[in-house]
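In: Quick one, fold the following:
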Amino acid sequence: MAEIRDCPAPDPHPGGPTRYRVPAGAVDTHAHVIGLPPAYPLVADRSYTPPAAPADRYLAMLDATGMAHGVLVQVSVHGTDNRLMVETLRANRQRLRGIAVIPLGLPDADLEALKEAGVVGLRLNVLFGGGIGLDAVEAYGALAREMGWHLQFLLDARDLPPITGRLSRLPVPLVFDHMGHMPASAGVDHPGFQALLGLMRDGHWVKLSGAFRDSVAGPPYADTVPFARALNDAAPERCLWGSDWPHVAAWDGPPGLADLLDLMADWVPDEERRRRLFVDNPRRLYGFEQVF
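Out: Numbering: from 1, shown residues only. Next up, the predicted model:
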């Protein structure tokens, strides 16, 4: 059995960018809250052991980086136990939305309770232990359509070509994490990345996030710039930004949030496009009501 490694703690001093001003109403579309046993057990088949990332630190991170709203994504180490995420959503109904990880067959009352709390999508994760894979993706697509939700995928875009047709037939919007979570060394011409671009042009979404996951060169992650620009050019109205806080499995040390935000000046140099990415696009996808 592989060793389960302990994750480093996140940046203790998060801050906003220095190269531009975060627009009013900005949304961080990808972060996690994490509890510890015994109150919040960790699944046995997890890929890492994180430090606690409680709601108060998450909200402080949003404030420090200039984010008006946030989207919590159920973290893999808690499996399908969404309690901490749901508790955080309920305590911050206007500010937050959530993406759940659930088994099929939940009672209708449980599904409605998730929706009432602010859940707007389901996540399928093939890269980390504790996630739900693609075996029943059609059933999850049908459920998401019934609930008015979307499906979010954590996968390696290099694996997309043989399943692109299957995914494109799903009856709901699809959101892909971390620009396809593939190493930058593979290049933008890789068939998998080209498949992701095709899905974007067909109406699906991507998170411009995870620079420290995709980069091979390391900080300041310049090798990720061509990928972000290609995705934003393909569908500037369906790109989102996510902090990925608290940066689990960042084995080389946690990235600075100010550095990740500054990188957006290179990923999306146009100010109006950045506004769409930070404000207009996530407001539309996640249902935040306030218009700025």
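In: List the buried residues for stretch 270-290?
Out: Residues 273-283, 285-286, 288 are the ones in stretch 270-290 that count as buried (16 or more other C-beta atoms under 10 Å). Quick note: C-beta positions are derived from backbone N, CA and C, even for glycine.
In: tell me the mean pLDDT over the longest strand belonging to the chain?
Out: Taking DSSP state E as the criterion, the chain has its longest strand at strand 119-125. If you average the pLDDT over strand 119-125, you get 97.
In: Check the offset of that strand from the chain's centre.
Out: For strand 119-125, the gap between its own C-alpha mean and the chain's C-alpha mean amounts to 10 Å (C-alpha atoms, centre = their mean, to the nearest Å).
In: The chain should start at 28 in everything you say after this.
Out: New numbering, starting at 28: the last item is strand 146-152.
In: That one pairs with which strands, parallel or anti?
Out: The strands beside strand 146-152 in its sheet (DSSP bridges) come out as strand 123-127 (parallel), strand 177-181 (parallel).
In: Looking at the buried residues of stretch 297-317, which are in helices?
Out: Secondary structure from DSSP state H places 300-302, 308-310, 312-313 of these in helices.
In: Pick the one among the residues you listed closest to Met227.
Out: Closest to Met227 out of these is Asn308 (12.2 Å), distances taken as C-beta to C-beta.
In: Need phi/psi at the residue nearest to the closest one when sequence neighbours are not counted.
Out: Using C-beta to C-beta, 6 or more residues apart in numbering and skipping residues adjacent in sequence, the residue nearest Asn308 is Leu267, 5.7 Å away. Leu267 adopts backbone torsions of phi -130, psi 160, taken as degrees, to the nearest 10.
In: Does Leu267 touch Leu312 like I think?
Out: Yes: counting by C-beta atoms under 8 Å, Leu312 is a contact partner of Leu267 at 7.1 Å.
In: list residues touching both of these two?
Out: Common contacts of Leu267 and Leu312, defined by C-beta atoms under 8 Å, 6 or more residues apart in numbering, comprise 56, 202, 232.
In: Restricted to strands, list those.
Out: Secondary structure from DSSP E places 56, 202, 232 of these in strands.
In: Which one (most neighbours) among the residues you listed?
Out: Thr56 (31 neighbours; other C-beta atoms under 10 Å).
In: low-scoring stretches of the stretch 28-177 of the chain, by residue?
Out: For the stretch 28-177 of the chain, applying pLDDT under 70 flags the ranges 28-29.
In: before we move on, back to that, could I get the buried residues of stretch 297-317 as TSV with distance to Tyr167?
Out: Formatted as TSV, those follow (distance: C-beta to C-beta, whole Å):
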residue	distance to Tyr167
Arg300	31
Arg301	32
Arg302	32
Arg303	28
Leu304	27
Phe305	28
Val306	29
Asp307	27
Asn308	23
Pro309	22
Arg310	25
Leu312	18
Tyr313	19
Phe315	24
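In: and of the residues you listed, the nearest to Leu63?
Out: Tyr313 (27.8 Å).
In: List the single closest residue to the closest one in space, sequence neighbours excluded.
Out: In this structure, Tyr313 finds its nearest non-sequential neighbour in Arg124, 4.5 Å apart by C-beta to C-beta, 6+ apart.
In: That neighbour contacts Val147, correct?
Out: Yes: at 5.0 Å, Arg124 and Val147 qualify as touching, with contact defined as C-beta under 8 Å.
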